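> Give the three-dimensional model of this entry:
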Amino acid sequence: MKTKICLLTIIFAVAACFVSLSFAGEYEDGIEAFLGRDYETAYKLFFKEAEAGSARAQYKIGYMYENGDGVSRKYDTAAKWYRLAAEQGHEPAMFNLAEMYADGRGVNQDDKEAFRLFRTAAEKGHMPSMYNLAIIYSEGRGVAIDEKESVKWFTKAAQKGFAPAQYNLGLIYADGLGVLQNEKEAFRWFSLAAAQGHAASKCCLAEMYATGLGISKDLSKAKQLAREGFDSGEELCRFVLAKHNLAPVK
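As a prediction, the model looks like this:
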């Protein structure tokens, strides 16, 4: 009897493996179809796996309904699929569903539910959720304003390399918002974000180089960074260029 049980276990395990591989293949085929804008095929492949309980496929179906990719845009349907994926711990689904609750799209507007979802995803390490949670604590949407918590979550996201959080942390240290003012620390965070191409951070660095705040004054470096930021479409850099007469900007 023990031998039979063991053999049955192996058979079921192998069968489950083949099912898993089959779904994995269909999902990847769905991704390829989606990227190729063959939304009809992508939807069919995602839907089959989503109905079988795949969180990542449920997320993709929700995404398609939210953005109207190959289907009529239906926010309530998008929220339904996001919720199914979120209940399984899918972080991007939690994030998107939280944004829908924050905006009241497809669901009743609910800041507290948005906060709960952002917090849950943030605690799982989802960087955009960490960033949004920090914003929520700074604005007091669905939770009491808490500058320390805001700085904490900006820092967590920034330390993981999320450029918008690095930029905001730079502003926080530059202005002393909820922390002791520290120009060198502001410069460090702006530099990390700018290295990733964050245009507004380049403008802030340009201002610091132009005035010698937190770093030795260097008008040549200031001009370079301000031009890079301006060329990327950041209007703040126009102000820096004009303020310090670094270059004429039309």
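> these two touch, right, residue 57 and residue 27?
Yes. Residue 57 is within contact range of residue 27, at 5.9 Å (criterion: C-beta atoms under 8 Å). Where C-beta positions appear, they are placed from N, C-alpha and C, glycine not excepted.
> okay, and the common contacts of those two?
Each of 46, 49 lies in contact with both residue 57 and residue 27 under the rule C-beta atoms under 8 Å, 6 or more residues apart in numbering.
> So which of those two has more stuff around it?
Using other C-beta atoms under 10 Å as the criterion, residue 57 and residue 27 rank with residue 57 on top: 24 against 19.
> can you pull the contacts of the more buried one?
Counted by C-beta under 8 Å, 6+ apart, residue 57 has contacts 27, 30, 46, 47, 48, 49, 50.
> Repeat that for residue 153.
122, 130, 131, 133, 134, 137.
> can you tell me the helix or strand for the closest residue to it other than its chain neighbours?
Distances taken as C-beta to C-beta, 6 or more residues apart in numbering place residue 134 nearest to residue 153, at 3.8 Å, with adjacent residues excluded. Applying DSSP states H and E as the criterion places residue 134 in helix 127-139.
> relative orientation of the very next helix or strand once past that helix and helix 127-139 in degrees?
For helix 127-139, the succeeding helix or strand toward the C-terminus, using DSSP H and E, is helix 147-159. With axes from the mean of the first three to the mean of the last three C-alpha atoms, to 10 degrees applied, the angle from helix 147-159 to helix 127-139 works out at 160 degrees.
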